[in-house]
Structure formats: structure tokens, C-alpha cells
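Participant: Predicted model follows, preceded by the sequence.
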Amino acid sequence: MSKPTEHIDCRPEELTLYHYGELQAAGCRRLEAHLQDCAACRKELAQLRATLEILPRDPAEVPPEQIRAFNERLGRRLRPRRSRPLRPALGWSLAAATAVLLLVTVRSPGPGPRQPAPDAARHAAVTAEQMPDAELLLNMELLEHLDMLQELEAAGVNG
Amino acid sequence: MDTCSEKRLLARIRDGDEAGFEELIAAHSSRVLALARRLVGNREDAEDIAQDAFLRLHRHIGDFRGDSSVATWLHRTVSRLAIDQLRRRKLKERIFFFRNSNEDADPVDLTPDTAPSPGQNFFAGEIRQRMEQALQKLSARQRVVFTLRHYEELPLKEIAERLELEEGTVKSHLHRAVSILRQELKDLHEESS
């Protein structure tokens, strides 16, 4: 890019704004008057326009098949959420049960005063065992999205 | 989609119409994907951003007040997500290549997404590839501002609002972006003149 010989009225940023029609009326008049007298700025503007004109107009054509695949993938991702619209009670109860199970596992090496009551451990194990596999998997997915559930609670969109 | 249809669709979605959101996706995904692709320059990142924008909309659809249209909301969200994505990408590349300076050429910058689109001739493909390489020299904000002004033809005032930047800052980003692109594409311009 060749630099114009700058004098007091040469403002390269204004050439860019002028090209994009972003100068106010007074700015346009001032620049146009300046261009009458300044060959360097006229050349600069011509080069700027020439470069911008060779740029491809649409560098991002999205093929229809890509759009279809995207829509389907997103639809599939959203469908389970919609068909199970927030089952917080079940999700949180499973989370609680999992926490109890973890506690049992961690503290099980030997008998001691801090060992959980056998009834509670049995209850937690039974809760997990009695749950059908599909239900368990389904709620494991909910657990994976706990952050999303928490976000939903604090949600706010300025649409 | 006109305003009335959109309001009816949003009401259906809020009432639990399961297919409604998919209609919303179908109505907007083409434009959202194209915008995301222009902003970040490759298909994978573009799809991630577009998906993230739709998931955010879905998550908060109950709170969507309709102060702006869905299209405007998605456009704004995708633009901001793109800046984050471009910054993350640059940071990752800098860390990976242990470059001394942000201004140094990055080997990854030289490997743009070159998937040809149907009907492209060789010269157009060459320009596209050079263009993508040149765009990668811009900062995240410069690239997003340039893309929104040059390709999306949004007025700078609107770009400033959407990106929550001062209008003067947006003007500087645009001018700087154009200067860098001119420098990077100087030889193409000379060949064509």
C-alpha cells in the first residue's frame, strides 16, 4: 500500500469511511473538496476501492445439504430435552443417591464411628438398582447437564 | 419470517409445541451458518457457534421478550460468540507455536479451510484462499467488524451496538482491517490492474 503524501487535510481513516458511506454529510463535503486538490488521496481512494472490489462477494456459501444436516443434528440434540422437560425432582434425587453411594464407597474401608448407617446405604443401592437402565442413563444425562439446569434457574435473556 | 408469524411461533414454543423450535431453526439456520462461516472462516467453528447460539436461544426462550427479532438476537449472539472463538483460536495457536509476537505469521494461519464450493473456478478459489489467509491476520474484533460491514452491510452504528463497542472504536477497527487486507492482498490487486 503506497502511503499518500500526508498534509494537514489527509485523513486516511476518512477514506475508508467514505468508501463505506459512513461519513456524515459535512465530512463528505470536506473530503470531496480535499480530493479535488489532493492527488495522493485520490490515488489512495482508488487503490482502496480496487482492493475491496476484488474480494469475493460471498465467501461463505452454505450448501443446502450442510444446512439440512445441521438442522437435523440440532433437532436431535434438542429433542431429548423437550421430551423430558426438566425433571428436576428425579434428577436431583438421583444426584443425592449418587452422592450417598460415593460417600459409602469412600468411607467403606473399615468399621468406625463415621460409617454410614447400613439402612441408608442399602436404601441408596436399592434406589439405583431398581431404576430401569434406560431411566438411569436418561438421568445420568441430566446429571451431565447440571450446569445447564443451574443456568436455567438464573436465566435471563434480553430478547 | 414476518414479525406476526414469529410472535405466533414463539407463543407456540412457549406453550410447549415441540416442533415449533425446529421451525425456528429451519427459518434461521441458513443465515446463521453463513454469518458464522464468514466470521470465523471454517465450517467446524461456524457450526459450533451456530449451534451454541440456537442452544442459548432454546434455553432462554421463555424469557425472550421480543424487544428485538429472533434474527437480530441470533445475529448479535453469533457475532459475539465469533469474537470469543477467534480469540480462543489465536491464543491456542500462539501457545502451541510459542510465537514471539502476535504479529508473526502463524503456520496454522497458512492452512485455511480450502474446501471448494461447486462452480468455483481456480482463480476465484485462489482469491478466496488468499482472502482467508489475509483475514486471519486481523484481530478478532477487526475481522468481525470488517465482515459485518463489508459482507453483512451493517451500518457501523449498528455494529457498535451489537458488539457493545464505541462507534469510534468500530471505525478504527474497520480502517485498520482494510489497511491490513490491502497490504496482504497488494499483489492480487496489482495482478488484476
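Facilitator: Right, received. Where do you want to start? Just so it is clear, the model here is predicted, and its values are computed rather than measured. Residues are numbered from 1 along each chain as shown, chains lettered A, B, ... in the order given.

Participant: where does chain A dip in pLDDT?
Facilitator: Applying pLDDT under 70 to chain A picks out residues A:1-8, A:58-60, A:80-94, A:104-159.

Participant: how about 50 then?
Facilitator: For chain A, the stretches with pLDDT under 50 are A:1-2, A:4-5, A:85-86, A:110-118, A:120-143, A:149, A:156-158.

Participant: Quick check: chain neighbours aside, which residue is closest to the most centrally placed residue in chain B?
Facilitator: Geometric centre of chain B, nearest residue: B:Leu39, 2.4 Å, by Cα atoms, centre = their mean. Distance criterion Cβ to Cβ, 6 or more residues apart in numbering or on different chains; nearest residue to B:Leu39, sequence neighbours excluded, is B:Ala82 at 3.7 Å. Every C-beta, even on glycine, is put in place using the N, C-alpha and C of the backbone.

Participant: Pull out the buried residues from the helix or strand that neighbour falls within.
Facilitator: For B:Ala82, the element it lies in under DSSP states H and E is helix B:70-97. For helix B:70-97, a neighbour-count test (16 or more other Cβ atoms under 10 Å in any protein chain shown) marks B:70, B:73-83, B:85-86, B:89-90, B:94 as buried.

Participant: just checking, what packs against that helix?
Facilitator: helix B:20-40, helix B:43-59, helix B:140-146, helix B:156-163 (3 or more Cβ pairs under 8 Å, 6 or more residues apart in numbering or on different chains; DSSP states H and E).

Participant: can you put those in a markdown table and add mean pLDDT and distance to B:Lys186?
Facilitator: As requested, the helices and strands packed on helix B:70-97 are arranged in a markdown table below (pLDDT from 0 to 100; distance: least, Cβ to Cβ, whole Å):
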| stretch | mean pLDDT | distance to B:Lys186 |
| --- | --- | --- |
| helix B:20-40 | 94 | 23 |
| helix B:43-59 | 95 | 28 |
| helix B:140-146 | 97 | 17 |
| helix B:156-163 | 96 | 25 |
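
Participant: which one of the ones you listed is the most hemmed in?
Facilitator: Sort the helices and strands packed on helix B:70-97 by mean neighbour count, taking mean count of other Cβ atoms under 10 Å in any protein chain shown, and helix B:140-146 sits at the top with a mean of 24.

Participant: which residues does the nearest residue to A:Arg11 once chain neighbours are set aside contact?
Facilitator: For A:Arg11, ignoring the flanking residues on the chain, the nearest one in space by Cβ to Cβ, 6+ apart is A:Leu31 at 7.7 Å. Counting by Cβ atoms under 8 Å, 6 or more residues apart in numbering or on different chains, A:Leu31 makes contact with A:Arg11, A:Glu14, A:Leu15, A:Tyr18, A:Leu23.

Participant: what helix or strand is A:Leu31 on?
Facilitator: helix A:25-37.

Participant: Which element is encountered next along the chain beyond that helix?
Facilitator: Per DSSP H and E, the first helix or strand lying C-terminal to helix A:25-37 is helix A:39-54.

Participant: for that following helix, which positions count as buried?
Facilitator: A:Cys41, A:Glu44, A:Leu45, A:Gln47, A:Leu48, A:Thr51, A:Leu52, A:Ile54.

Participant: so which of the residues you listed also contact chain B?
Facilitator: A:Gln47, A:Leu48, A:Thr51, A:Leu52, A:Ile54 (Cβ under 8 Å from any Cβ of the partner chain).

Participant: can I assume B:Arg128 is in contact with A:Arg57?
Facilitator: No. Counting by Cβ atoms under 8 Å, B:Arg128 stays clear of A:Arg57, with 10.9 Å between them.
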